[in-house]
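K.L.:
Fold the stuff below for me.
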Amino acid sequence: MDCVFCKIVRHELPAEILYENDKVIAILDINPIHYGHALVIPKTHCLDFLSVKESDLHDVLHVTQKVARAIVTTLKLEGFNIFSNNGRIAGQSVFHFHMHITPRYPDDNIKFVLQLKSYDGGAMAEYADKIRHHIL
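P.N.:
This next block holds a predicted model:
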């Protein structure tokens, strides 16, 4: 398999490993937003968030919290972002699910530019009904 994260999991490519157990590996991002930016990766290959096995997702979130706590303590952070890009249109560049932990600093000039919308009339209830219909 040509997946760069699978190669890191198998220790075929170098990485700065922050934490590792039998299900998950956490590494420093090679192209960080800020120094200390980490990635938490399930060892089982899965394309994106929707394809992660539930048991693996639990392990990923547990390790994400553990590593985030260490990053906050080490760097004396006031805040951080946790996110995952899913699909090319959302910015995913490595198609093996992973979580980002990104340190944040005052005046770091990182902004999520949002154009918030509001629902008209009964549109909110319509969207909710459609979504509820597909929740398994």
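K.L.:
Quick check: beta-bridge partners of the residue nearest to residue 63 when sequence neighbours are not counted?
P.N.:
Leaving aside its sequence neighbours, residue 63 sits nearest to residue 24 (Cβ to Cβ, 6 or more residues apart in numbering; 4.5 Å). The C-beta positions use only the backbone N, C-alpha and C, and glycine is treated the same way. Beta-bridge partners of residue 24, counted by DSSP bridges, are residue 42.
K.L.:
Determine which residue lies closest to the centroid of this structure.
P.N.:
residue 99 (1.9 Å; Cα atoms, centre = their mean).
K.L.:
List the contacts of it.
P.N.:
Each residue near residue 99 by Cβ atoms under 8 Å, 6 or more residues apart in numbering is listed here: 39, 40, 41, 60, 61, 64, 82, 83, 84.
K.L.:
let's go with 6 Å and repeat that
P.N.:
By Cβ atoms under 6 Å, 6 or more residues apart in numbering, residue 99 lies in contact with 40, 64, 84.
K.L.:
Okay then, goodbye and thanks.
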